[in-house]
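1. one predicted model, sequence on top.
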Amino acid sequence: MARMGKRISKAYENLENIDFLTLPEAIKTIKTRASAKFDETIEIAMNLNVDVRRADQTVRGMVQLPHGTGKNLRVAVFAKDEKAKEALAAGADYAGSDELTDMIQKGEINFDRCIATPDMMIVVGKLGKILGPKGLMPNPKLGTVTANVAEAVKAAKGGQIEYRAEKAGIVHGGVGKVSFAEDKLQDNIKMFIDTVMKARPAGIKGNYLKKISLSSTMGPSIKVDISEF
């Protein structure tokens, strides 16, 4: 087995006997043990009691983090004329129709969120095989197919992120940066958890939430006491 470097070993030091920490304790531990030369992202993983193979147990949606993610999200908008101008004025990185289509078909996907006006979905639908596997296909249920493109762009730029239960019912999300103040990280994490908890499918029996873990990009995973949630 490969030996861990000194930095990684120090990050994991004295954690083997810790089962769970409160949310404030977990945040403090992660921040003090983050030692990468870049501003690490703090990630949350929620293990849910759902079967993602069943359509009635889908857990997916958007959450607006009160203090943003610390990441500059790049947004592309499929829109024409005035709507394209509105999108650009709101901060979109790309907006248009034919030129945006050509860019995507060439493999130049330099954005993290794709938004479209309803009338443009005929065009966007033809790009499904490219955008779909990357999780970039606009979806009316997520608010990314909308006539109010300015609001959608501002939400994306302001810290709105998508969550989705994947294999084994695990929901992942980036909830801030190590450089964030502890109280701001708490606000973001609580908002993420609260939003996912409210998305509980009606047919779930027993406990919906099984486990919550927090980690930084290069740091250890810390299990959070879920009793308060």
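-> Okay, I see it.
2. run through the chain and note the low-pLDDT ranges.
-> Along the chain, segments meeting pLDDT under 70 span 1-17.
3. that one: strands as residue ranges?
-> In the chain, the strands defined using DSSP state E lie at 41-48, 60-64, 75-78, 94-96, 113-116, 160-164, 170-177, 209-216, 222-224.
4. closest one to Thr29 among the ones you listed?
-> Checking the strands of the chain against Thr29 by Cβ to Cβ gives strand 222-224 as the closest, at 5.7 Å. C-beta here means a position set from N, CA and C on the backbone, and glycine is covered the same way.
5. helices or strands up against the closest one?
-> Contacts defined by 3 or more Cβ pairs under 8 Å, 6 or more residues apart in numbering; DSSP states H and E place strand 222-224 against helix 23-33, strand 209-216.
6. save the strands of the chain as TSV, and put in distance to Gly203 and mean neighbour count too.
-> Formatted as TSV, the strands of the chain follow (distance: least, Cβ to Cβ, whole Å; neighbours: other Cβ atoms under 10 Å):
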stretch	distance to Gly203	mean neighbour count
strand 41-48	13	21
strand 60-64	16	17
strand 75-78	35	27
strand 94-96	40	21
strand 113-116	30	26
strand 160-164	18	18
strand 170-177	18	21
strand 209-216	16	19
strand 222-224	26	21
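7. so which of these is nearest Lys184?
-> Evaluated over the strands of the chain, closeness to Lys184 peaks at strand 170-177, with 6.7 Å, by Cβ to Cβ.
8. mind listing what the closest residue to Asn207 other than its chain neighbours touches?
-> Distances taken as Cβ to Cβ, 6 or more residues apart in numbering place Asn49 nearest to Asn207, at 5.8 Å, with adjacent residues excluded. If you count contacts by Cβ atoms under 8 Å, 6 or more residues apart in numbering, Asn49 has them with 169, 204, 206-210.
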